[in-house]
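In: Just the structure for this:
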Amino acid sequence: MAKNSKRTRGAREAIDREAEYELGAAIKMVKDAATAKFDETVEISMSLNVDPRHADQMVRGVVQLPNGTGKSVRVAVFAKDAKADEAREAGADLVGAEDLAEKIQNGEIDFDRCIATPDMMAVVGRLGKVLGPRGLMPNPKLGTVTPDVAGAIAAQKGGQVEFRVEKAGVIHAGVGKASFTEDALETNVRSFVDAVMKAKPSGAKGTYVKKVAVSSTMGPGVKIDLATAH
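Out: Next up, the predicted model:
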C-alpha cells in the first residue's frame, strides 16, 4: 500500500498545475495518477468564453467517440408496435409507450439515455419536468427523436456523448477509462475537442476556448495545449 501511495504522490507531484502539456504527455500523466482500486473515468473539461444565458452563445451537441466511453449505457425507448420490436432487437433496455411514461412519472428512472419515435412525442412531452432537469429529454437535434431507433440505440451504446455548456461556460464529459490505451484516449479527446470547436456559436467573441484539462475520477487535472488536441 505504501508503495502504491508513494507512486501516486510521485505521479501527482510531477504535474505542474499551471503548465499546459502536449496532449500525449497529459494523457500519460492522467493514466499514471489513476491508481484507485476501480477503473477510473477519464474526463475532459473545457472552459469556453461564452455566456449560455444568451441564445446565440449556447454550445450543445453530440459526438461519437471512436473508442467508446467504456461505460455501459442503459437506453429507454418510447415506441409502439413494429418500432418497439425493432428497439428490443437492437438492445434497448426498456421499451414502452404510456406504460413507460407512467413508470417515469412514478420516479422509476432506471436508464441513462432516452430515445423516442416522432409519433411518441405527445406522450414524452408530458414528462418534460421529470426528464428535462436530468438531461434525458429526447431531442431531434441530438438524434434521440428519430424513426431509426436501431441506429439511435447503436449510437448511444457505442460511445455517443452529448455535451452542453453550463452556466459558468464550462463543458465536461467522460472520454474513456483509465484502462484505455493512450492512443485510444488521445483519439477520443481529439474527437471531443473537434466537436466542441465545430459547435462554436455565432455569438462567441474573442478567444472561444480559454482552457482545456483532462483528469481521472480521483486524479488531479492536467492542462492541455489546445493546439495539440485537435
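
In: quick check, A173 in a helix?
Out: No. The assignment for A173, made by DSSP: H, G, I helix; E, B strand; the rest coil, is strand rather than a helix.

In: For it, list each beta-bridge partner.
Out: Counting by DSSP bridges, A173 forms beta bridges with I44.

In: can you tell me how far it sits from F38?
Out: Per Cβ to Cβ, to the nearest Å, A173 is found 19 Å from F38. Where you see a C-beta, it was placed from the backbone N, CA and C, and this is true even at glycine.

In: Among the two, which residue is more densely surrounded?
Out: A173 (20 against 10; other Cβ atoms under 10 Å).

In: how near is that one to A34?
Out: From A173 to A34 the distance is 17 Å (Cβ to Cβ).

In: Figure out how far stretch 211-218 is from the centre of its chain.
Out: 14 Å (Cα atoms, centre = their mean, to the nearest Å).

In: same check, this time on stretch 206-218
Out: 14 Å.

In: Would you indicate which residues of that stretch are buried?
Out: 208-209, 212-216 (16 or more other Cβ atoms under 10 Å).

In: how close does P140 sit to T41?
Out: Between P140 and T41 the distance is 29 Å, computed by Cβ to Cβ.

In: more crowded one of those two?
Out: Legend: neighbour count by other Cβ under 10 Å for P140 and T41, higher for T41 (19 against 11).

In: ranges for the strands of the chain?
Out: For the chain, strands defined by DSSP state E occupy the ranges 41-48, 60-64, 75-78, 94-96, 113-116, 160-164, 170-177, 209-216, 222-223.

In: For V42, which non-adjacent residue is spatially closest?
Out: Spatial nearest neighbour of V42, excluding adjacent residues (Cβ to Cβ, 6 or more residues apart in numbering): G176 at 4.8 Å.
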